[in-house]
Every structure is written in structure tokens, then in C-alpha cells.
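1. the amino acid sequence is not available; the structure is as follows:
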């Protein structure tokens, strides 16, 4: 009688990888970095002013991962846990190197509220490129609110600002994006409009 070898599930493999990382196995740590480096760069690039800043945020994030991996609950998705670390590392970098100032460089523009359909006509790279051109204060609030899904109270606590400042910077960021679309994509802005918002806005 032949016995079929017990297969090892991907979950078991990942849990084993995590355990090896906790033990300080450098090969396992390199493998974890290899698996999640692309994801880390994608998240951190939303907050960084340059490739160099993004790489520093990513490095800080992985350092935090390995220093806190024992706290990770393997029954929960690793990517969600890691995403929180990436966002927090980006915020820490922001606090360390940027002064939170309201840079209202949008006063010379005339704005037209437009339909969200304009975004659907743009590529992801085009949209993210516009977000990257926002000042750090605007980009930070915009990304935390629109992309990450935090509310203004949470953002205010994370950035050590007033809730009203978070709301103001989000509105200014929207206006700036509207102006950039009108300038860079006039063929779209004439047909559509940009109103980036969430239905659960608070």
C-alpha cells in the first residue's frame, strides 16, 4: 500500500518563513523582502518626493517588520499588517524631514468641478504622477484619506495637526489636482471633470 506524501500548503510555507525570520535567519529575511519589495515600493512611493526617499521609507519599514515580527498574528493577512507599517514609516519620515506647512500655491487657478469619469480616462501612472506633484502636506493628507481610507480625525492624530487642517489640505489638494488636469489633459477636462471624494466623507 502506497501512502501519498502530505502536501505543504502555501500558508504553512509562509508561516515557516515567518518563524525563520523571527529566529534571525538572514536567508529567510531576504526571501521575505524579495516577496514584498515591489508592494512596499508601491505604497511608499505615494508619500515620497523622490526615489531616494521612497527607498529610505522602504528600508525603515522592513527594519520595523523584523523588529516587530513576533507581534504579527499569522492568522491574519500579512499584507494588511505590513501596509500599516509602511504607512507609519512614511509618516515617521515625513515628521522627521518635512515641516507641516500649508502651501497654498493654488490661488492663481480657476477651478471647475467636474465628473469623476475623467479619472477613468487616465492611466494609473498618470494619476499617481499628478499626486506626486502635490506638495508634501497636500499629498500626505490626500493619500491617507482617499487612498488609504482614513478619516480626518485619524489623520489629524497621525500627523499631529488639527482636524480642520486635514480637511483644508484635502480640499486644497483636490483643487490642485483639478488645476493640473485642466492644464495637462485639457481634452479630458473639457469633457469631464474631477471630483475626487468618498461617499463616507466626514
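-> Alright, I've got the coordinates. Everything numeric here is computed off the predicted structure, so don't read it as measured data.
2. name the nearest residue to residue 158, sequence neighbours excluded.
-> Once flanking residues are discounted, residue 158 sits nearest to residue 91: 5.7 Å by C-beta to C-beta, 6 or more residues apart in numbering. All C-beta spots, glycine's among them, are computed from the backbone N, C-alpha and C.
3. other SSEs contacting whichever strand or helix holds the one you found?
-> Secondary structure assignment for residue 91, by DSSP states H and E: helix 78-97. The contact analysis (3 or more C-beta pairs under 8 Å, 6 or more residues apart in numbering; DSSP states H and E) places helix 78-97 against helix 26-45, helix 51-68, helix 136-142, helix 152-159.
4. angle of that helix against helix 152-159?
-> 60 degrees (axes from the mean of the first three to the mean of the last three C-alpha atoms, to 10 degrees).
5. still on that earlier bit, who wins for proximity to residue 168 among the helices and strands packed on helix 78-97?
-> helix 136-142 (8.8 Å; C-beta to C-beta).
6. for the closest one, the distance to its chain's centre please.
-> Put simply, helix 136-142 sits 11 Å off its chain's centre (C-alpha atoms, centre = their mean, to the nearest Å).
7. surely residue 165 is in a helix?
-> Yes. Looking at residue 165 with DSSP: H, G, I helix; E, B strand; the rest coil, it is inside a helix.
8. surely it touches residue 153?
-> No. Taking contacts as C-beta atoms under 8 Å, residue 165 lies outside contact range of residue 153: 12.0 Å.
9. out of everything not next to it in sequence, what's closest to residue 87?
-> residue 148 (6.2 Å).
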